[in-house]
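Novice: attaching a predicted model along with its sequence, questions to come.
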Amino acid sequence: FPFRINHGSSLLLLGSCFTENIGLRLQNAKFTVMQNPTGIVYNPHSLLQTVELICGNKLFTESDLHFANDLHFSYQHHSRFSAASAEVALKNMNAAMDEARKNLPKTDVVFISLGSAFYWWLKSENCVVNNCHKQPAMLFEQNFASVAEVKTVLQNTVDLLKTANPKVQIVFTISPIRHLKHGSAGNQLSKSTLLVAAHELAA
């Protein structure tokens with residue numbers, strides 16, 4: 001790589017559970033790390049949505065929440081932001097986003113870990129979800145992003161980050177953690193799609 005990180009670097013990690021694992025190791029090594037302000041993100045579309053939120057000024061309100069299994073949750077957030085109280089859920093969501101917005105302009109490197117080319121569409125709201133929160137499958141439509149689709153989404157993600165912080169460096173990784181919900185072949189196809197798209201974008 002043409003650059004290095006050190007303990008003076010400000011780092012932002014976005015993406016899959018691989019991001020959380022590496023982020024914890026960096027935090028334990030006393031690096032300055034901000035990670036996943038909407039929680040774990042697996043697919044490129046949800047990743048772009050997260051970056052759009054960081055670069056925007058949206059304040060989450062009760063209209064953004066759903067309620068099931070005694071929890072208030074957001075389809076744009078991982079379940080770690082869910083809470084029995086809507087007030088607590090919104091406080092945590094907005095606090096994490098506020099911190100990310102404050103840090104992005106001074107971030108040196110963004111690490112993006114892509115987990116899956118599969119993504120889910122919430123029919124009732126006509127949008128991609130970050131997490132299905134164990135809701136009935138009939139509410140969603142499963143999609144698989146092509147290489148061209150992933151590349152376009154990643155390019156839009158890069159453009160947003162560079163607009164917010166022109167000096168930021170961006171590193172893409174493909175999570176080595178297997179998603180076997182779609183079978184071994186489905187996992188390989190998904191990872192290969194992400195790898196080719198990231199490779200073409202970097203080139």
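Specialist: On my side now, so go ahead. Predicted model only: the values in this text are computed from it and were never measured.

Novice: CA only for contacts and neighbour counts going forward, please
Specialist: Will do.

Novice: mean confidence score for the longest helix seen in the chain?
Specialist: Using DSSP state H, we find that the single longest helix of the chain is helix 183-202. Regarding helix 183-202, the rounded mean pLDDT is 93.

Novice: repeat that for stretch 101-119.
Specialist: The pLDDT scores in stretch 101-119 average 96.

Novice: that stretch spans what distance, first to last residue?
Specialist: 25 Å (Cα to Cα, to the nearest Å).

Novice: can you map out the helices along the chain?
Specialist: Here the chain has its helices, by DSSP H, at 17-28, 44-55, 86-103, 147-164, 183-202.

Novice: from these, which stretch is densest packed?
Specialist: helix 44-55 (a mean of 22; mean count of other Cα atoms under 10 Å).

Novice: out of the helices of the chain, which is closest to Asn6?
Specialist: Of all these, it is helix 17-28 that lies closest to Asn6, at 10.5 Å by Cα to Cα.

Novice: packing partners of that closest one?
Specialist: Helices and strands touching helix 17-28, by 3 or more Cα pairs under 8 Å, 6 or more residues apart in numbering; DSSP states H and E, are strand 10-15, strand 32-35, strand 109-114.

Novice: adjacent strands (with direction) for the first one?
Specialist: Same thing as strand 10-15. Strand 10-15 sits in its sheet next to strand 32-35 (parallel), strand 109-114 (parallel), going by DSSP bridges.

Novice: now those strands as TSV including mean neighbour count and distance to Gln49?
Specialist: Formatted as TSV, the strands paired with strand 10-15 follow (neighbours: other Cα atoms under 10 Å; distance: least, Cα to Cα, whole Å):
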stretch	mean neighbour count	distance to Gln49
strand 32-35	18	15
strand 109-114	23	13
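
Novice: neighbours around the closest residue to Glu141 other than its chain neighbours, how many?
Specialist: Setting aside the residues directly before and after it, Glu141 is nearest to Trp121 in space (Cα to Cα, 6 or more residues apart in numbering), at 5.0 Å. Counted with other Cα atoms under 10 Å, residues neighbouring Trp121 total 17.

Novice: now Trp121, which residues is it bridged with?
Specialist: Beta-bridge partners recorded for Trp121 (DSSP bridges): Val128, Glu141.

Novice: my read is that it contacts Phe144, right?
Specialist: No - taking Cα atoms under 8 Å as the contact criterion, Trp121 and Phe144 are not neighbours in contact, 10.7 Å apart.

Novice: on that earlier part again, what's the angle between the longest helix of the chain and helix 147-164?
Specialist: Orientation check (axes from the mean of the first three to the mean of the last three Cα atoms, to 10 degrees): helix 183-202 against helix 147-164 gives 50 degrees.

Novice: mind listing residues that contact helix 183-202?
Specialist: Helix 183-202 is contacted from outside by 114-118, 146-148, 150-151, 154-155, 172, 174, 178-181, using Cα atoms under 8 Å, 6 or more residues apart in numbering.

Novice: could you rerun that using 7 Å?
Specialist: Here helix 183-202 makes contact (Cα atoms under 7 Å, 6 or more residues apart in numbering) with 114, 116-117, 146-148, 150-151, 172, 174, 178-180.
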